[in-house]
Structure formats: structure tokens, C-alpha cells
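Colleague: kindly return the folded structure for what I paste below:
(chains A and B)
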Amino acid sequence: MDELRKTLKIIKRKYVPLIKSPQTFLLLLTGMAGFMSGSCPVHHIPTMLAAAGSLFLAISGSTVLNMWYDRDIDAQMPRTCERPLASKKLLPRDGFLFGIILSLLGISWAVLIDPFYGAVVFAGLFFDVVIYTFWLKRRTAWSILWGGISGGMPILAGRVLSIGHLDWIGIALALGVLLWIPTHIMTFSMRYFEDYQLAEIPTFPSTYGFQTTRITIAISSVLAALTMGAAAYGIGMSVGFLRILIVLSSGLLFLAVSSTSRPSEQLNFGLFKYASLYMLSTMILMIVDMM
Amino acid sequence: MKVMTPIDRITLLLTGLLAAYQVVVGVSDKDPLALVSYTVAFGVLLVAGLLLIILGFSILDAPSVAAVSSLIPLALSLGLITEHVPSAKVPYLVFAVLGFIAIVLAKFISAEKVGVLVLALVHGISGLVIFILPLFLSLQGTTPNRFVFVGVGGGLIGIGGILFSFLKTGNPLLDKKTIYRLLPGLLLMMTASFVWGFTAV
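Modeller: Have a look, this model is predicted:
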């Protein structure tokens, strides 16, 4: 019993933080929203649970591999230096193995459920780990684009699994997430500007300046809101829920535009938080409305 | 600055959820303008609740807050007039639009005293409409008795408006900390009254 408690404690302290639970949960939720957008009411609960399980493993796996590869830069940034791999609480080999096992399990499970669904899940992992993390993150601020594309893959995968093919709604949903990513990431990179400078990671604020970044965020927010709105309309979201979506989108636009005209650290942080809440609410609205 | 407590956050979350519920179910399908007006009013309440949770009470010091929050009484009163006094729809729409533009302009040109005056005038008229019209309609029997709660909400919004107006003029009726302590509860009671009243129709 003591041994088990000890093992659980180690897992909780060293392995669970590698998964970045809030981010993984949000991406998983987008995947579930994508799935339910095409097959609600859900007639096949086992498929839904399998989709959730495979996505959770694949998203977690890519996050762990990302953290494994970035452990050197994480160690240089005050915000991330306490992460298990950066602080050397966990051996790099163990972190790598953990990431690979999760990824392989997630992808294999996804392929077994449906090969096309598995391919989309794999594409998400490939874009995130290979293109974004290994190749571009340390070279160009535009790596965010590939981070965004990989972020849009869970919702696309969910949609593909539920309807069996690619359609404009699935692409619009993925595009909505892709366009939302800059609001989330760029506000974050402004808030932790010094950290990224220390680690010499090129970001939009360090490459193009704060004001250009704010304008990019505002444009991106407008496009994300419009795309999500179009996708929600395409899904057949009820009028009442569409009204809520418009209200929440207006809040996002208000903050993004305010942040451009009257920039402040407080507003930037508010926009960052609100953007997460916006995506969370949008996904919950889609799921609840489809039930 | 008063720190937001977990109770404040829960109270504001409930306010946001109630406002969201009202946006989803809508209030009126008689006139699109009424529906849009009510959606704007409850939508601003919802977003305001979320922003207060995220940013804390310090957001209330932002210059745009007074202008944006004036949308709540303006839009609600416009919805009520459009739905229940259709003959006054166009003049009131003109008043609401001009009133809002005047509030924004006063903020934009930093005309502090004019701004407070305009704000008090616009808030006062729209607040009275929200307070009196539902009472009148209920007493007259045009709407169910429960609709009177919309007026109660109007009264509460009026109390909030008065507290903030005096605070902005530098002659607060209550100190800032007390106002902030009361605000989440006031917003929840106000929204609950509105929802309770509107769902009666």
C-alpha cells in the first residue's frame, strides 16, 4: 500500500505536470465538440469514449514530447524552470519514453477506431511535435501558424470521425481554432516577453513589436469569431445559442480592439484569459446544443 | 482596491449564467428591435460579469466602462418601449442612439463634468422607464403580475447607477470599497429580478 502511494505521488509530482492539464482538457473538449457536431444525439457511446481516450493520449503525448524537447529553454525561463524536466526532477530519457508511449498509444488507438480519424490525429501530433517544436519554434515567430494548425486538428478529427469524411464545417471549425490561437499565444508571449527573450525564442512581439502584435490579435480575433460563427451556423446551432455565441464573440472583439487602442498589461492579461474562456464556452455551447 | 473574494466570483458567475439563460431563451419575438435590444442588455451583463471575474474590480476604473455599462439600461428600456409602447419606438430609438453617442463622445473628449451630466440624464430616463413601465403594465393587467419584477430590477440598476455616478463625481454616497462589496450581490439580484420578470411574459 505504501509502495502504491509512493508511486502515485511520483506520478502526480513528476508526470502529471508534463501533460499541461488545462491545455489538454481544452483541446480534448474541441475534439469532443467536433465529434458531437456531426453525430448528435450520440448513438454510439463507446465510439465517443474511445475518441476521447485516443485524443487524450495523443494530445498528452505531443505535449510531453514538446516539453521534453524544450527542457533546455524551459530551464532558462522563470515561468517554466520548475517543470519536472527543466528542473531535472525527471530524467530526459523517462520524459521522452513517457511522451512516445502516450503518443503511440493514442495514434494506434485512433487508427484502430477509424484510419481516416487516425490520420488526422497523427497529422496534429506531427505538426505540433515535428514541424512546430523540433523545426520552427526556435527559428521563426511564424511557428505559431503551425502550432495553430496542430491545435485545430482535434476538432477536425472529431468531426471526421463523426461524419466519415471531410466537409467545410470541419475545416471551418479547425480554422476557427487556428485563428483563435494567436489571441491565446500572442497575449501570452507579450505577458512573458522577458522570459522568451531570455530563452531567445522568436515571438511576434520580439520580431514585429507590441503594437503590430496587438493589431494582429485584433484581426485574428475578428476572423476567429466570424469563422466559429459560420461553423456554428453550419452545424445547425439553435438561434438562442447563436445569440450567446455572438455576445461572447463581441466581448472578444471589444477586448481585442480596446487592447489595440488603449494597451495595458491588465487588458492584455484579460484578453488572454477571456480568449480561453471564449473557446471553452464555444465548445460547451456546441456540445450542449447538440445534445 | 477591494480584492475579489471567491463568494464575489461565484455571485458574478451566477449573474453571468442568468444573463446567458435570458439571451438563449430570448424575451420577445414580437419585434426584432426588441429582441436585439434585450440581447444587447443581457449580453453586456454577461460579458461584464465575466470580465469582473477575470480582471477584478480594477476594471471598473477603465474609462470605457461607464459608456459600455450604459448600454444595459438603454437597451433594456428600448426593448420595453419597442415591445409595449410601439408608438414611442422611433423617438425612443433616436433618444437611445443619441444618448449613447453623447456618452461616448463625452468620454472621448474627456469632458468630465459634461460626461457625468449626460450619463445621469441618459441613465435617469432609461432607469425610470425600466422602473415605471413594468409596474404600470402589471397594474393595468396588460402583463402578468410577476412582470413587476422587471421594475424591481430597474430599481436596483438605478441604485447601482446612482452609487457609481456620485462616486465618479468625487462625492460618493458610500465609500468605494463598500460599493464594490455590494456590487456582485446587487448585479445578481438585479439580473435575477429581470429574468424572473421577463420569464412571466
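Colleague: in chain B, which helix or strand is least confident?
Modeller: helix B:63-69 (a mean of 79; mean pLDDT, DSSP states H and E).
Colleague: elements contacting that one?
Modeller: helix B:32-55, helix B:89-108 (3 or more C-beta pairs under 8 Å, 6 or more residues apart in numbering or on different chains; DSSP states H and E). Every C-beta, even on glycine, is put in place using the N, C-alpha and C of the backbone.
Colleague: so what's the gap between the shortest one and the chain middle?
Modeller: The gap between the average C-alpha position of helix B:89-108 and the chain average comes to 15 Å, counting by C-alpha atoms, centre = their mean, to the nearest Å.
Colleague: run through who's touching that helix.
Modeller: Applying C-beta atoms under 8 Å, 6 or more residues apart in numbering or on different chains, the external contacts of helix B:89-108 come out as B:31, B:33, B:63-64, B:66-67, B:70-71, B:74-75, B:77-78, B:81-82, B:85, B:114-115, B:118-119, B:121-122, B:125-126, B:129.
Colleague: before we move on, the earlier item: quick one: name whatever helix or strand follows the least confident helix or strand of chain B.
Modeller: helix B:71-84 (DSSP states H and E).
Colleague: quick one: buried residues of that following helix?
Modeller: B:71-84 (16 or more other C-beta atoms under 10 Å in any protein chain shown).
Colleague: packing partners of the longest helix seen in chain B?
Modeller: Ranked by residue count under DSSP state H, the longest helix found in chain B is helix B:112-140. For helix B:112-140, the contact count by 3+ C-beta pairs under 8 Å, 6+ apart identifies helix B:71-84, helix B:89-108, helix B:148-169 as packing neighbours.
Colleague: wait, which of those is closest to A:L90?
Modeller: helix B:71-84 (51.2 Å; C-beta to C-beta).
Colleague: what's the angle between the closest one and helix B:32-55?
Modeller: Orientation note: helix B:71-84 sits at an angle of 160 degrees relative to helix B:32-55 (axes from the mean of the first three to the mean of the last three C-alpha atoms, to 10 degrees).
Colleague: does chain A have contacts with helix B:71-84?
Modeller: No: residues of helix B:71-84 contacting chain A under C-beta under 8 Å from any C-beta of the partner chain: none, with a closest distance of 10.8 Å.
Colleague: can you list contacts of that helix?
Modeller: By C-beta under 8 Å, 6+ apart, helix B:71-84 touches B:27-28, B:30-31, B:33-35, B:37-38, B:40-41, B:44-45, B:48, B:88-89, B:92-93, B:96, B:99-100, B:122-123, B:125-127, B:129-130, B:133-134, B:137, B:142-143, B:150, B:154, B:157, B:161, B:194.
Colleague: let me know the angle separating it from helix B:148-169.
Modeller: Using the same axes, to 10 degrees: helix B:71-84 against helix B:148-169 is 150 degrees.
Colleague: and the helices and strands packed on helix B:112-140, which is most packed in?
Modeller: helix B:71-84 (a mean of 25; mean count of other C-beta atoms under 10 Å in any protein chain shown).
Colleague: so for that one, mean pLDDT?
Modeller: Taken as a whole, helix B:71-84 has a mean pLDDT of 93.
Colleague: swap in stretch A:246-253?
Modeller: pLDDT averaged over stretch A:246-253 gives 92.
Colleague: picking up where we left off before, what comes up buried for the least confident helix or strand of chain B?
Modeller: So for helix B:63-69, counting by 16+ other C-beta under 10 Å, buried means B:66-69.
Colleague: and stretch B:5-14, by the same measure?
Modeller: Buried residues in stretch B:5-14 (16+ other C-beta under 10 Å): B:8-9, B:11-14.
Colleague: hmm, who's touching that stretch?
Modeller: By C-beta under 8 Å, 6+ apart, stretch B:5-14 touches B:49-50, B:52-53, B:184-185, B:187-188.
Colleague: what about 7 Å?
Modeller: Residues from elsewhere that reach stretch B:5-14 (C-beta atoms under 7 Å, 6 or more residues apart in numbering or on different chains): B:49, B:52-53, B:184-185, B:187-188.
Colleague: closest one of the residues you listed to A:I131?
Modeller: B:I53 (36.2 Å).
Colleague: tell me who's in contact with that closest one.
Modeller: Here B:I53 is in contact with B:9, B:12-13 (criterion: C-beta under 7 Å, 6+ apart).
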